[in-house]
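*Asks:* 3D, please:
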Amino acid sequence: QVQLVESGGGLVQAGGSLRLSCAASGRTFSGAAMGWFRQAPGKEREFVATIAWGGGSTYLARSVKGRFTIFRDKAENTGYLQMTNLKPEDTAVYYCAASRRFTDSSWRDDEYESWGQGTQVTVSS
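*Replies:* Reported below is the predicted structural model:
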């Protein structure tokens, strides 16, 4: 099983930017997809973005499209979530996750087998 460690969270003002990282270890990350999800207090975990590790195809939630970018560095076994024009409603714990496949259902959290511990993102107004 692959281990995932997120980093890069923090406190930022509305309109600011952050880049989250997700480092995969334990074995070479040959998983088919890496996804990002978030969970705000009192709310269910929601999909943010996913990327096909091999081909680089991406899919982003409508709420972040145009503001967030997902990409990966295969040589470094690391995935990234670049967040710009952040809004207070983006405040949440962000989790990265790994899946053995990239499909039309890769927005579902039950498609992912491995999860990181999460990193807090707080956007002040």
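
*Asks:* every contact and neighbour count from this point should use C-alpha atoms.
*Replies:* Fine.

*Asks:* please name the nearest non-neighbouring residue to the residue sitting nearest the centre point of the chain.
*Replies:* The residue at the geometric middle of the chain, judged as the C-alpha nearest the mean C-alpha position with CA atoms, centre = their mean, is Trp36 (2.3 Å). Closest residue in space to Trp36, ignoring its immediate chain neighbours: Cys96 at 4.5 Å, by CA to CA, 6 or more residues apart in numbering.

*Asks:* over to Arg108?
*Replies:* Nearest-residue entry for Arg108: Phe47, 7.0 Å, with adjacent residues in sequence omitted and distances by CA to CA, 6+ apart.

*Asks:* how far away is the one you found from Lys74?
*Replies:* Computed with CA to CA, to the nearest Å, the distance linking Phe47 and Lys74 is 22 Å.

*Asks:* which one's more surrounded, those two?
*Replies:* A count of neighbours by other CA atoms under 10 Å puts Phe47 above the other of Phe47 and Lys74, at 21 against 14.

*Asks:* can I assume that one is in contact with Arg38?
*Replies:* Yes: under the criterion of CA atoms under 8 Å, Phe47 lies in contact with Arg38, with a separation of 6.6 Å.
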